[in-house]
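In: Sequence first, predicted model second:
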Amino acid sequence: MPTRIAEYYSEEILDWSEYIEAFRDESDLINERLSDVIRRNSISNIAQKVEVYQDALDRMADIFETIEDEFNIQEQAIKDGEAFIEDTRVNPEIERRQELLRERMKEAEKEFIDVKFGCYQFLSDLLS
């Protein structure tokens, strides 16, 4: 029996997981740069300004962590042990959950791009 739907869903989740890992790497780099700003700068209110961006990155980390938890639920639904379920067993609930994951990832990706741009703009303004 074909298992193409479950395999596709799993590949989609894997791609999103890789994106989240890249987010973590980039987020760590941005946080490091923001921390460097605090260490190098003697302006008294710079820490408050940096904290806004660090909080935004932390919020994104929480969002992606929640999505990853949802990935695990979906992965369990599309597998029977280690094997993918047959296409005939992909029910409307599994399809709905995958669609919600797509939407959540799109929203999270857009939000991360905005947060990242804001952080880089802030860092760029400080160095100008």
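Out: Arrived safely. Quick caveat, the model's predicted, so the values are computed rather than measured.

In: make it CA atoms for all contacts and neighbour counts henceforth
Out: Fine.

In: and the strand or helix carrying Phe117, how far out from the chain's middle?
Out: If you go by DSSP states H and E, Phe117 is part of helix 92-127. Helix 92-127 sits 7 Å away from the centroid of its parent chain (CA atoms, centre = their mean, to the nearest Å).

In: Quick check: buried residues in it?
Out: Neighbour counts using 16 or more other CA atoms under 10 Å place 94, 97-98, 101, 105, 108-109, 112, 115-116, 119-120, 123 of helix 92-127 among the buried residues.

In: Roughly how far does Met38 sit from Glu51?
Out: For residue 38 the amino acid is Ile, not Met. According to CA to CA, to the nearest Å, Ile38 and Glu51 sit 10 Å apart.

In: Can you measure across stretch 79-87, start residue to end residue?
Out: End-to-end distance for stretch 79-87, by CA to CA: 11 Å.
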